[in-house]
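> following is a predicted model, sequence given first.
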Amino acid sequence: MEQQQYQFREHDLMEIFKSVFGYTAPPFLFSLQNKVENALFRKSKTSEEYEFNTTGERREYNMHGVPFYANNANGNEMFLPIWLIRPDGSRLLLQNTVSSMVGTTIIKEETMVNRKGSFKEEIALSDWDMNVKGLIVSTDMDYPDEMVYELVQLREMGTALGIENARTSLLIEDDEKVVIKRLRFTEIKGMKHIQAFEMDLVSDNTFSLIIE
């Protein structure tokens, strides 16, 4: 019987991510890797020599109903996907991303005479700063121009965008909005079909001005 051949067009995004951004932060669950290992090594959950503990059923959504997982343009599963939402309601799924968020507290400090330290008074909470790094992988092995153009168009809109993400839904209250502060495209030598990008976003809260 002829052995079945397995051909994959995906690349090792973890290594590419490391070469571009300087550290390893896999943006997706290794669904493709699991398929390869199962095919090559005939892995199973039971064996005469060892046993695997059965994992519990995973949660698909967070406490606010936002999904933990989504498939990228190449069909691989990503963890903590990020959608940016245009004012007309159309959505763009950012490809193969990892993100971090920082929020600071604005504090007024007063020095007290004949006392060590200072008196601190909380003034306000700052906006959330969000950094997103990702890899766009073309589905046709050429430069992913359409997806790059979509990112550029989002930045040039010059308006607040909606965001859907399992983490931001816990940190940004009410109507989740962000503004693109910076968009950077990084070169990847020798790979014409992959484009790395980095975005800096800041949360944008909606205020109502009442004049009496």
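Right, received. Where do you want to start? Since this is a predicted model, take the numbers as computed values, not measurements.

> what's the following helix or strand after the lowest-mean-pLDDT helix or strand in the chain?
For the chain, counting by mean pLDDT, DSSP states H and E, helix 31-41 ranks last in confidence among helices and strands (a mean of 50). Scanning forward in sequence from helix 31-41 by DSSP states H and E, the next helix or strand is strand 69-71.

> now that next one, how far from the centre of its chain.
Averaging C-alpha positions (CA atoms, centre = their mean, to the nearest Å) puts strand 69-71 11 Å from its chain's average.

> what lies in contact with it?
Contact with strand 69-71 is made by 29, 60, 77-79, 81, 93, as judged by CB atoms under 8 Å, 6 or more residues apart in numbering. Where C-beta positions appear, they are placed from N, C-alpha and C, glycine not excepted.

> mind listing what's buried along the following helix or strand past that strand?
Counting by DSSP H and E, the next helix or strand C-terminal to strand 69-71 is strand 77-79. Within strand 77-79, the residues that count as buried by 16 or more other CB atoms under 10 Å are Met78.

> same thing with stretch 60-70?
Quick answer for stretch 60-70 (16+ other CB under 10 Å): 66, 68-70.

> can you check stretch 174-185 too?
For stretch 174-185, by 16+ other CB under 10 Å, it's 176-178, 180, 183.

> tell me the contacts of Cys63?
One correction, residue 63 is Met, not Cys. The contact partners of Met63, by CB under 8 Å, 6+ apart, come to Leu170.

> again, 10 Å this time
166, 169-170 (CB atoms under 10 Å, 6 or more residues apart in numbering).

> any low-confidence regions in this structure?
1-12, 23-55, 114, 116-117, 119-120, 122, 206-212 (pLDDT under 70).

> how about the helices in it?
13-21, 31-41, 145-156, 168-171 (DSSP state H).

> so where's the longest strand in the protein?
As assigned by DSSP state E, the longest strand anywhere in the chain is strand 118-137.

> packing partners for that strand?
helix 13-21, strand 97-111, helix 145-156, helix 168-171, strand 177-186, strand 194-203 (3 or more CB pairs under 10 Å, 6 or more residues apart in numbering; DSSP states H and E).

> a markdown table for the ones you listed, including distance to Lys133?
Shown next, in a markdown table, are the helices and strands packed on strand 118-137 (distance: least, CB to CB, whole Å):
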| stretch | distance to Lys133 |
| --- | --- |
| helix 13-21 | 5 |
| strand 97-111 | 6 |
| helix 145-156 | 13 |
| helix 168-171 | 16 |
| strand 177-186 | 9 |
| strand 194-203 | 5 |
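
> out of the ones you listed, flag the one nearest Gly134.
Gly134 sits nearest to strand 97-111 of all the helices and strands packed on strand 118-137, at 3.8 Å, using CB to CB.

> now the angle from that closest one to strand 118-137?
Put simply, strand 97-111 runs at 170 degrees to strand 118-137, going by axes from the mean of the first three to the mean of the last three CA atoms, to 10 degrees.

> and strand 97-111, C-alpha only, in CSV?
Extracted in CSV, the C-alpha atoms of strand 97-111 (Å, rounded to 0.1, in the frame of the first residue of the first chain):
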residue,chain,number,x,y,z
THR,A,97,-0.7,38.5,16.5
VAL,A,98,0.6,38.7,20.1
SER,A,99,-0.2,41.8,22.1
SER,A,100,0.6,43.5,25.4
MET,A,101,-1.3,46.2,27.3
VAL,A,102,-0.1,48.8,29.8
GLY,A,103,-2.3,51.1,31.9
THR,A,104,-0.8,53.8,34.2
THR,A,105,-2.2,55.9,37.0
ILE,A,106,-1.7,59.6,37.0
ILE,A,107,-0.7,60.6,40.6
LYS,A,108,-0.1,64.0,42.1
GLU,A,109,2.7,63.9,44.8
GLU,A,110,3.2,66.5,47.5
THR,A,111,6.3,66.6,49.7
